[in-house]
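>>> Need coordinates for the following:
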Amino acid sequence: MNKFMQILPVAAIAAALPFAAQAHPAARITKAQAERIALKAAPGKVLEADYEKENGAWRYSFDIRQGNRVHEIGVDANSGKIVESSYETAGEKD
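Predicted coordinates:
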């Protein structure tokens, strides 16, 4: 039993390592570059910025306040292309 208790944590860590390496792969463009792209498409104040995997691809997502609404801009982390442009009313959350 004691040997099992020593091996169990090591096995759990070893099983998780392949997934940890895939958690946040390096992007070709930086967050600052993506933010400039997003603000060029939707001028305003950035309220929130995320690096996330959506539909199988990594992207930066920005919520940008424009008057009384929030414009969500998604920027592909590898190409820098805008992959989402949608509006929310102020205070609304997905």
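
>>> C-alpha only now, for contacts and for neighbours.
Fine.

>>> For Ser86, give the beta-bridge partners.
In this entry, Ser86 is beta-bridged to Glu72, by DSSP bridges.

>>> any weak-confidence spans in the chain?
1-23, 89-94 (pLDDT under 70).

>>> Go again with 80.
1-25, 89-94 (pLDDT under 80).

>>> could you pull out the helices for this structure?
Remark: helices assigned in the chain by DSSP state H are 2-21, 31-41.

>>> Remind me what the last one packs against, helices and strands.
Just to be clear, that refers to helix 31-41. strand 57-66, strand 69-76 (3 or more Cα pairs under 8 Å, 6 or more residues apart in numbering; DSSP states H and E).

>>> Of those, which stretch is the most buried?
strand 69-76 (a mean of 24; mean count of other Cα atoms under 10 Å).

>>> residues touching the spatially closest residue to Tyr60 that is not a sequence neighbour, list them.
Leaving out its chain neighbours, the residue that sits closest to Tyr60 by Cα to Cα, 6 or more residues apart in numbering is Tyr51, at 4.5 Å. Counting by Cα atoms under 8 Å, 6 or more residues apart in numbering, Tyr51 makes contact with 58-61.

>>> So Tyr51 versus Pro25, what's the distance?
10 Å (Cα to Cα, to the nearest Å).

>>> How about Trp58?
From Trp58 to Pro25 the distance is 8 Å (Cα to Cα).

>>> How about Ala57?
11 Å.

>>> got it, and Gly74?
For Gly74, the distance to Pro25 - Cα to Cα - is 17 Å.

>>> For the residue lying closest to Pro43 once chain neighbours are set aside, list each beta-bridge partner.
Once flanking residues are discounted, Pro43 sits nearest to Gln66: 7.2 Å by Cα to Cα, 6+ apart. Per DSSP bridges, the residues bridged to Gln66 are Arg69.

>>> ok, Gln66 - contacts?
Listed by Cα under 8 Å, 6+ apart, the contact set of Gln66 reads 42-45.
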